[in-house]
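A.B. asks: Sequence and predicted structure are below.
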Amino acid sequence: MKRTTNAAIRKGLTALILVCLAIALVGSTLFIIFSDFLARFATDAF
Amino acid sequence: MTDPQLLVRLARAYCYAIAPYLCLYLALPHKRGGIAERLVPGLAVANAAFILTATLVCELSFNLYHVAHPAIAAVGVALLLYRWRLSGWAKPEMNTSPSVYIFLGIVLLAFAVRLVPILAGGESLGGGDARFHNLLARKIVVGGKLSEDWTPFADIGVMYPQGTHTFVAFLAVGARCSVHHALNFLFPVVGALTTAVIYVLARALFRSDGAAAWSSACYAFLAAWGSLDLYRWGGLPNGFGMLALCTMLYLLLEHGCSTRTYEESVIPDKACPEPVERTEGSQVPKALAIAILVPSILLTHHYTLIVAGIMLVSVALFTADAKLRGFTLLAAVLAAVLAAPLLFLHYVRFVGGLGETGVLVFREPIRTVLFYAQHMGPGLVAMFACALVLARKAKWNTGQVAVLAWFTGLFAAFVSLEYICRGVVLAATGGADCFSCLTPSRMATDMVYPMSILSGAVVTCNAWKKHAKLWTAGIVVLGIATSGMAVRDQLRVGVFPEYRAAAQWLRRHSRQNAMIVGNLPHLEYLSWRETSAPPLPASEQRNHPSVTWKREMDSFDSWLEWERTNRRPVYFVLPPHERGPASLNELFFNGHVRIISTREPPKAVEPGFRPRR
């Protein structure tokens, strides 16, 4: 019973990781496409 | 740090600082177990206990803690001896298997790799954030207590927790050296200790010495951000905070894994001894350790407290083990109860000024996921991906799932902050702004800890058993490449002899209320004068009007007008190719930095001074 539960949680977490990765890849692609536009925003580095 | 004797003095001061707390920890009624399983968490808890105690006492007086420390040491040694006497002067259990030597080898090598750039690179003031860490630590030494404000550099209160700075100040006084030496010394110490904690944590998770060695080697030699790169960044408080957090996770999961049987766990390798029975013995040391670790995180690094919150919530949400969930929730409640008074006492006055900090509105360049993978350590990311893919059909135990949940929580938070939050802001402002909050790159930095731990799963897979030598060769090559590059890139971190000369000239020849206009690394620390661009971290009210007015002074004339109005001397620090208005006198020039002012040049000829042609 425990094994199944652990396995199910792990599958759920893996799915969540893949969803986050997909969002990150889409965000990165958009960043590359609009890099000129996004480069104008200031940074807070001291 | 080029003097080996200084290194010895710092090592002695460090041992003096944490030995009393280590004695107190070892004197607690521990359950049975190997010496490493007590000593490694004991060292981490001793660091946390020192930070907690010293910082709280330093709130009143730094000197008071210096008086109290020998008394704490005496109590610690007495209790340890008493405990030893109760056990009939029994010898501690010593494990002399080859795995112990592998463990010691990895930890010592981790220490050495982090020490090389500090020793070999020349006199370093520290990288990145060390610009303000040095200021806070020296203010403790000079002021004799925790700093309440950033004067003379900025007229705002200090929100940054000063646990690390108290530690640095204590070491600097003990070793009779500058605070930047003490700060630099602690980077290899934290790196080696975290490597050791990850070893015992991975060993408890995988019940395998091989997996433990693999996980700790991944952290020590493959991870860049959050590990090899800490010195360049200057992120010592984050290092201390994550050390405490990994120790807390070990204590939590040691409990969580206790109910798992061998069959429910992954198949152990042959080198692994029988797992220690973990259900016997008192839970008091563990509870006490967590009660020390949580407030020490608060007094060390606020961001790590957020990471701790994500960890506790993720583990509590995604665990099938009711006992682990209960213990995690208990730890979360304990954390809240212990942290609340400290938060209330220190930060309630800053709540209204949160909007003036960089916490909720933080601007850093947006990066691609490839950039993050490259900077976290490509070898580590590859190893982590291999571990997840290869172990997909293995039976994961509760502890492993909990660490995966921690990673998932951090990754989801990172993606939300770096991509979703920015997208929402862009849409909401009609493309006028693109800020984020809570510094997403730090979330990525802290992801390397669960990634390193889970990378140990590689050793439990069939692919490892078939090609063990190939895998080992792979990690050795990757480790040498990553560590070598980290050492090479950090050799000259914080080494600015040309800037030091200019800053020290300003310290000798300018009045204490002088204003320095310009931005050189560590200018404030070396000159101890107010500057036009003080190095304030994101947690501070750096958008307060008492700071932002300087950004609006964009010309020589505006500063000269300010000088006349306020009757405070202004010195302009310029790059060599800029000369400034002809009406100003050149006071210093060494080929790298030029200092000009309305003041007359000093009468004595200074080294580096060349009259204007």
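C.D. replies: Nice, I can see it.
A.B. asks: Okay, now the unreliable bits of chain A?
C.D. replies: Residues of chain A that meet the criterion pLDDT under 70 lie in A:1-4, A:42, A:44-46.
A.B. asks: Tell me the residues of it that contact chain B?
C.D. replies: Contacts of chain A with chain B, taken as C-beta under 8 Å from any C-beta of the partner chain, map to A:2-3, A:5-7, A:9-10, A:12-14, A:16-17, A:20-21, A:23-28, A:31-32, A:37-39, A:41-46. Yep, even glycine has a C-beta here, placed from its N, CA and C like the rest.
A.B. asks: show me what contacts B:A211?
C.D. replies: B:A202, B:R203, B:L205, B:D269, B:G456, B:A457, B:V458, B:V459, B:T460 (C-beta atoms under 8 Å, 6 or more residues apart in numbering or on different chains).
A.B. asks: Just the element for the residue of the stretch 451-600 of chain B at minimum distance from chain A, please.
C.D. replies: Across the stretch 451-600 of chain B, no residue is closer to chain A than B:P535, which sits at 4.7 Å (C-beta to the nearest C-beta). Take DSSP states H and E as the rule and B:P535 turns out to sit in neither a helix nor a strand.
A.B. asks: and the residues of chain A next to chain B, which are buried?
C.D. replies: A:6-7, A:9-10, A:13, A:16-17, A:20, A:23-24, A:27-28, A:31, A:38, A:41, A:44, A:46 (16 or more other C-beta atoms under 10 Å in any protein chain shown).
A.B. asks: Now intersect these with the helices, please.
C.D. replies: Members of those lying in helices (criterion: DSSP state H): A:6-7, A:9-10, A:13, A:16-17, A:20, A:23-24, A:27-28, A:31, A:38.
A.B. asks: Relative to B:F318, which of those is nearest.
C.D. replies: Distance to B:F318 across these (C-beta to C-beta) is lowest for A:I9, with 5.3 Å.
A.B. asks: close enough to count as contact, the closest one and B:F318?
C.D. replies: Yes: assessed by C-beta atoms under 8 Å, A:I9 is found in contact with B:F318 at 5.3 Å.
A.B. asks: Could you tell me which residues touch both of those two?
C.D. replies: Joint contacts of A:I9 and B:F318 (C-beta under 8 Å, 6+ apart) are B:V401, B:A405.
A.B. asks: so can I have CSV of the ones in helices among the buried ones among the residues of chain A next to chain B showing distance to B:T472?
C.D. replies: Output for these, formatted as CSV (distance: C-beta to C-beta, whole Å):
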residue, distance to B:T472
A:N6, 29
A:A7, 29
A:I9, 31
A:R10, 27
A:L13, 29
A:L16, 32
A:I17, 27
A:C20, 31
A:I23, 36
A:A24, 31
A:G27, 36
A:S28, 33
A:F31, 38
A:L38, 43
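A.B. asks: what sits against residue 28?
C.D. replies: Here I'm looking at chain A. When contacts are counted by C-beta under 8 Å, 6+ apart, A:S28 is found next to B:R367, B:T368, B:V369, B:L370, B:Y419.
A.B. asks: my bad, chain B
C.D. replies: B:L28 is in contact with B:R83, B:S282, B:V284, B:P285, B:L288, counting by C-beta under 8 Å, 6+ apart.
A.B. asks: Leaving aside the residues adjacent along the chain, what's closest to the residue of the stretch 451-600 of chain B closest to chain A?
C.D. replies: Leaving aside its sequence neighbours, B:P535 sits nearest to B:R131 (C-beta to C-beta, 6 or more residues apart in numbering or on different chains; 3.9 Å).
A.B. asks: With only the CA atoms kept, save the helix or strand that contains that neighbour in CSV.
C.D. replies: Assessed by DSSP H and E, B:R131 sits inside helix B:130-143. In CSV, the C-alpha atoms belonging to helix B:130-143 read as follows (Å, rounded to 0.1, in the frame of the first residue of the first chain):
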residue,chain,number,x,y,z
ALA,B,130,31.1,40.6,0.6
ARG,B,131,30.9,44.4,-0.1
PHE,B,132,28.2,44.7,2.5
HIS,B,133,29.0,41.7,4.6
ASN,B,134,32.4,43.3,5.4
LEU,B,135,30.7,46.5,6.4
LEU,B,136,28.2,44.8,8.8
ALA,B,137,31.0,42.7,10.4
ARG,B,138,33.3,45.6,10.9
LYS,B,139,30.5,47.7,12.3
ILE,B,140,30.0,45.0,15.0
VAL,B,141,33.7,45.0,15.8
VAL,B,142,33.9,48.8,16.0
GLY,B,143,30.5,49.4,17.5
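A.B. asks: Alright, I will stop here.
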